[in-house]
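Novice: Would you be able to build a 3D model of this:
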Amino acid sequence: SYRIDLPDRLKQRGIHNVFHSSYLRLHVPNDDRRFPGRLDNQVAEFDVQEREWAVDRILSHKGSRSDALFEVRWKAGDITWLPFDKVDHLGALRDYLDVLGVETIADL
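Specialist: Numbers count the residues shown, from 1 in each chain. Reported below is the predicted structural model:
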């Protein structure tokens with residue numbers, strides 16, 4: 001697998017930057033005579049959007065209240081631990097609290 005240096009606007013859209021070698025090809029520059037002025041933002045819509053987390057779900061937690069750390073599974077399959085202030089706005093946190101049968105973080 002290879003890690004690709006992506007432009008910030010692609011990272012903000014949640015495009016993963018690690019690809020298996022079978023998906024990579026040699027770069028062939030654009031033929032400006034056949035496709036004049038073709039830029040990456042002309043091919044796909046890259047509007048400035050509110051930052052969105054690509055979270056699949058929260059698996060577990062350790063600690064309590066606002067000091068808790070949450071084990072987060074990303075849609076890409078990675079699993080990381082994040083503090084409460086990084087997940088407090090996510091729908092996945094509300095779902096996780098529902099599964100536990102608690103209303104707020106203060107009940108953890």
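
Novice: Give me the contacts around the lengthiest helix in the chain.
Specialist: When secondary structure is assigned using DSSP state H, the longest helix within the chain turns out to be helix 91-100. With contacts defined as Cβ atoms under 8 Å, 6 or more residues apart in numbering, helix 91-100 is touched by 55-58, 61, 70, 72, 87, 103-105, 107-108. For the C-beta atoms, the positions are set from N, CA and C on the backbone; glycine is no exception.

Novice: same thing with stretch 18-33?
Specialist: Contacting residues not belonging to stretch 18-33 are listed as 1-4, 38 [Cβ under 8 Å, 6+ apart].

Novice: Listing request: residues of the chain with sub-threshold pLDDT.
Specialist: Residues of the chain meeting the criterion pLDDT under 70: 36-53.

Novice: Please repeat the previous calculation with a cut-off of 90.
Specialist: By pLDDT under 90, the weakly predicted segments of the chain are 1, 4-17, 19, 21, 23-54, 64-66, 75-78, 89-90, 103-108.

Novice: So which residues of it form helices?
Specialist: Counting by DSSP H, the helices of the chain are 8-12, 40-43, 84-87, 91-100.

Novice: CA-only coordinates of the longest strand along the chain, as CSV, when you get a sec.
Specialist: Of all the segments of type strand in the chain, defined by DSSP state E, the longest one is strand 55-62. As requested, C-alpha coordinates have been extracted for strand 55-62 and formatted as CSV (Å, rounded to 0.1, in the frame of the first residue of the first chain):
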residue,chain,number,x,y,z
VAL,A,55,-17.3,7.7,11.4
ASP,A,56,-19.0,4.3,11.2
ARG,A,57,-19.7,3.9,14.9
ILE,A,58,-18.4,4.2,18.5
LEU,A,59,-17.3,0.8,19.8
SER,A,60,-16.5,1.5,23.5
HIS,A,61,-15.2,4.0,25.9
LYS,A,62,-13.0,4.3,29.0
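
Novice: Redo the contacts of helix 91-100 as TSV? Include distance to D8 and neighbour count.
Specialist: Compiled in TSV, these are given as follows (distance: Cβ to Cβ, whole Å; neighbours: other Cβ atoms under 10 Å):
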residue	distance to D8	neighbour count
V55	20	18
D56	23	14
R57	27	16
I58	27	21
H61	31	20
F70	26	23
V72	22	24
V87	22	20
E103	37	10
T104	34	8
I105	31	17
D107	38	11
L108	35	17
